[in-house]
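S.K.: I need the structure of the sequence given here:
(one chain, ligands or ions: 3)
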Amino acid sequence: MKIVLVGYMGSGKSSIGKKLAEVVKLPFMDLDSEIEKTEGIAVSEIFSQKGEIYFRNIENKILKKVLDQPDNFILATGGGTPCYGDSMDYILKKQGVVSIYLRTPLKVLVSRLMLEKDERPLLIHINTENELEDFIRKHLFERAFYYNQAAVTIDVVSESITETVAKIILKLF
Ligand SMILES: Nc1ncnc2c1ncn2[C@@H]1O[C@H](COP(=O)(O)OP(=O)(O)O)[C@@H](O)[C@H]1O
Ligand SMILES: O=C(O)C1=C[C@@H](OP(=O)(O)O)[C@@H](O)[C@H](O)C1
Ligand SMILES: [Mg+2]
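M.R.: Ligands and ions are numbered 1, 2, ... in the order given. So this is what the prediction gives:
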């Protein structure tokens, strides 16, 4: 089985994906790390040096490369991955792939991302918690159209990473 995690920034795709992969003993891949390996620079540097459009193109190409390989894996995508080009269709049509949307309440995203917003190029212009909440509310509204197409939705609420992993395993295996 190939598992692809989608969802907003801070929903826990990278942390939950890593833990899930350990538990089910499958290789873990993070699309952002794959992009960084290919480009030789950090995602934030790709945004600042080459721009978002360049990032979205390379993200779409590397997603397809990962999905086309024959081995099973757990893949954490980036928050924008399914929302550009034909990426979500490619995920949905790929044989053997189960897509999972980690649906996370706005308040939880705000509190997590307030602590980590400097690591995320789309949030660098944001200063206050109110600004962050407004930004995420609108952005999530636009992006939910893509996330909601995932085969499975897991409500993350505010339980621990281990609990969310257990929830995914119960639903899938
Ligand atoms: N229950 C939880 N599930 C997932 N992440 C959590 C949880 N509680 C706190 N976190 C923290 O929230 C952040 C989620 O970020 P990350 O895994 O990078 O998400 P994403 O890859 O979706 O942006 C991490 O710092 C993680 O440790
Ligand atoms: O939502 C987005 O557009 C992005 C999310 C990030 O990944 P995470 O969702 O893992 O933070 C990363 O791909 C990039 O900063 C853009
Ligand atoms: Mg991530």
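S.K.: can you list the residues of the protein near ligand 3?
M.R.: The chain comes close to ligand 3 at residues 13-14, as judged by CB under 5 Å from the ion. For every residue, glycine as well, the C-beta is placed using N, CA and C.
S.K.: Let's see that with 8 Å instead.
M.R.: By CB under 8 Å from the ion, the residues of the chain that approach ligand 3 are 9, 13-15, 30, 32, 76-79.
S.K.: Please pick the buried ones from those residues.
M.R.: 9, 13-14, 30, 32, 76-79 (16 or more other CB atoms under 10 Å).
S.K.: before we move on, the earlier item: including secondary structure, could the residues of the chain next to ligand 3 go into TSV?
M.R.: Shown next, in TSV, are those (DSSP: H, G, I helix; E, B strand; the rest coil):
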residue	secondary structure
9	coil
13	helix
14	helix
15	helix
30	strand
32	helix
76	strand
77	coil
78	coil
79	coil
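S.K.: Next secondary structure element downstream of the longest helix along the chain?
M.R.: Counting by DSSP state H, the longest helix found in the chain is helix 129-147. Following the chain from helix 129-147 toward its C-terminal end, the next helix or strand by DSSP states H and E is strand 152-155.
S.K.: and the longest strand along the chain with helix 129-147, angle?
M.R.: What stands out as the longest strand in the chain, according to DSSP state E, is strand 97-103. With axes from the mean of the first three to the mean of the last three CA atoms, to 10 degrees as the basis, strand 97-103 and helix 129-147 are set at 150 degrees to each other.
S.K.: Provide the backbone phi and psi angles at residue 128.
M.R.: phi -110, psi 160 (degrees, to the nearest 10).
S.K.: Spatially, what comes nearest to the residue in the chain that ligand 3 sits nearest to if we skip its sequence neighbours?
M.R.: Going by CB to the ion, ligand 3 is nearest to residue 14 of the chain, at 3.3 Å. Excluding the flanking residues, the one nearest residue 14 by CB to CB, 6 or more residues apart in numbering is residue 76, at 4.6 Å.
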